[in-house]
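Q: Below is the sequence, then the predicted model.
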Amino acid sequence: MVAQNIGFAIIAALMVIGAIRVVTTSNVVHAALWLVVVLAGAAAQYILLAAEFVAITQVLVYIGAVMVLFLFGTMLTRSRIGRDSGLNNSYAKLGIPVAIVLFATMALALSRSFGTEKLPTDGSLVSTQQISDQIFGPYLLPFWALSFVLLAAVIGAIVLARKD
Amino acid sequence: MLVNQFLFLAALLFCIGVYGVIARKNAVLVLMSIELILNAVNLNFVAFALRNGNADGHTFALYIIAIAAAEVGVGLGLVLLIFRNRRTISLDDLSEMKG
């Protein structure tokens, strides 16, 4: 129990530092690399939450595919590879109070609703077989819709990015 | 482990992502902030799946990962198109729709 909490604390600290660097760094490539830290930390948290399949999917799809897309996007839009002072809005400081008020509201609601409720530690873990039973059972229709969304996204991305 | 430690982490990530969406001008960085927000939501789903002991949260987390991948693909396609036509991806310069 203690080891899990220590692991959680270390990974959570890394994720928060990474997320803050993503939104504050003045270098687009560094932001993409800090985003890798956050995504890998999220995968580690999924392992802590006994969700191996989601964790592996996170590593494959996010760190494998989405990050490559981001790096290509950075390269093709010829963002400055080094430091760039023009990444923030003129009203960027307005975001700080918005984020703080939002977090305060959510923290209040969460601590009132869940307090010190503990996660169950006995049995009742979700297996990958159960996930597949869900996807190909009650959630089959959203799965089909998702397939069409992916198809439309692939075709749309090709149509948008094609030169002619 | 408490339920709340995961929910607080997710809330913090969500707020940082919201700050990024507000503060950033570069379109690629705004898309990265949106990824932070989507990851915070996923963390909530998986935490509640463990709390309630069923697989619905995992299923939704997987669907959200797929939707996020599609969103990034189309989003970066749009950004590329805007860059090709305007030679800039600064969101402050895209103001034709302003009345």
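A: On my side now, so go ahead.

Q: Spatially nearest residue to residue A:59, not counting backbone neighbours?
A: If the residues on either side of it in the chain are set aside, residue A:59 comes closest to residue A:43, at 5.1 Å by CB to CB, 6 or more residues apart in numbering or on different chains. The way it works is simple: take the backbone N, C-alpha and C, and place the C-beta from them, glycine included.

Q: Equivalent analysis for residue A:115, please.
A: Spatial nearest neighbour of residue A:115, excluding adjacent residues (CB to CB, 6+ apart): residue B:4 at 7.2 Å.

Q: what sits against the residue nearest to residue A:59?
A: Shown in contact with residue A:43 (CB atoms under 8 Å, 6 or more residues apart in numbering or on different chains): A:55, A:56, A:58, A:59, A:62, A:63.

Q: Next, give phi and psi for residue A:118.
A: Backbone dihedrals for residue A:118, given as degrees, to the nearest 10, come out at phi -100, psi 150.

Q: count of neighbours near it?
A: Residues near residue A:118, counting by other CB atoms under 10 Å in any protein chain shown, number 12.

Q: same check, this time on the one 10 residues further on
A: Number of residues near residue A:128 (other CB under 10 Å) recorded here: 14.

Q: Please determine how far the nearest residue to it once chain neighbours are set aside is located from residue A:33.
A: Take residue A:128 and drop its neighbours on the chain: the residue closest to it by CB to CB, 6+ apart is residue A:53, 4.6 Å away. Relative to residue A:33, residue A:53 is positioned 26 Å away (CB to CB, to the nearest Å).

Q: Any chance you could list what contacts stretch B:64-82?
A: Residues from elsewhere that reach stretch B:64-82 (CB under 8 Å, 6+ apart): A:54, A:57-58, A:61-62, A:65-66, A:69-70, A:72-73, A:76-77, A:146, A:149-150, A:152-154, A:156-161, B:27-28, B:31, B:34-35, B:38, B:41-42, B:45, B:88-89, B:94.

Q: Show me which positions of it end up buried.
A: B:64-66, B:68-80, B:82 (16 or more other CB atoms under 10 Å in any protein chain shown).

Q: tell me the mean pLDDT for it?
A: Looking at stretch B:64-82 alone, the average pLDDT works out to 91.

Q: can you check stretch B:1-18 too?
A: Regarding stretch B:1-18, the rounded mean pLDDT is 93.

Q: Stretch A:2-17 too?
A: On average, stretch A:2-17 scores 93.

Q: before we move on, back to that, out of the contacts of residue A:43, who's nearest residue B:22?
A: Using CB to CB, residue A:62 comes nearest to residue B:22 of the contacts of residue A:43, at 23.1 Å.

Q: mind listing what residue 17 touches?
A: In the absence of a named chain, this looks at chain A. By CB under 8 Å, 6+ apart, the contact set of residue A:17 is residue A:37.

Q: was after chain B, sorry
A: A:19, A:23, B:33, B:34, B:35, B:36, B:37, B:40.

Q: which SS state does the fourth one fall under?
A: Here residue B:34 is helix, with the state taken from DSSP: H, G, I helix; E, B strand; the rest coil.

Q: Burial check on residue A:153, number of neighbours?
A: Per other CB under 10 Å, the neighbour tally for residue A:153 reads 20.

Q: Next, the buried residues of the helix or strand containing it.
A: Secondary structure assigned from DSSP states H and E places residue A:153 in helix A:140-161. Residues A:143, A:146, A:149, A:153, A:157, A:160, A:161 are the ones in helix A:140-161 that count as buried (16+ other CB under 10 Å).

Q: Kindly reformat those residues as TSV containing pLDDT and distance to chain B.
A: Formatted as TSV, these follow (pLDDT from 0 to 100; distance: CB to the nearest CB, whole Å):
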residue	pLDDT	distance to chain B
A:143	94	8
A:146	94	5
A:149	94	6
A:153	92	4
A:157	86	4
A:160	83	4
A:161	78	5
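
Q: Out of those, which comes closest to residue A:9?
A: Ranked by distance to residue A:9 (CB to CB), those are led by residue A:146 at 34.9 Å.

Q: Would you mind measuring from that closest one to residue B:60?
A: Distance, residue A:146 to residue B:60, using CB to CB: 11 Å.
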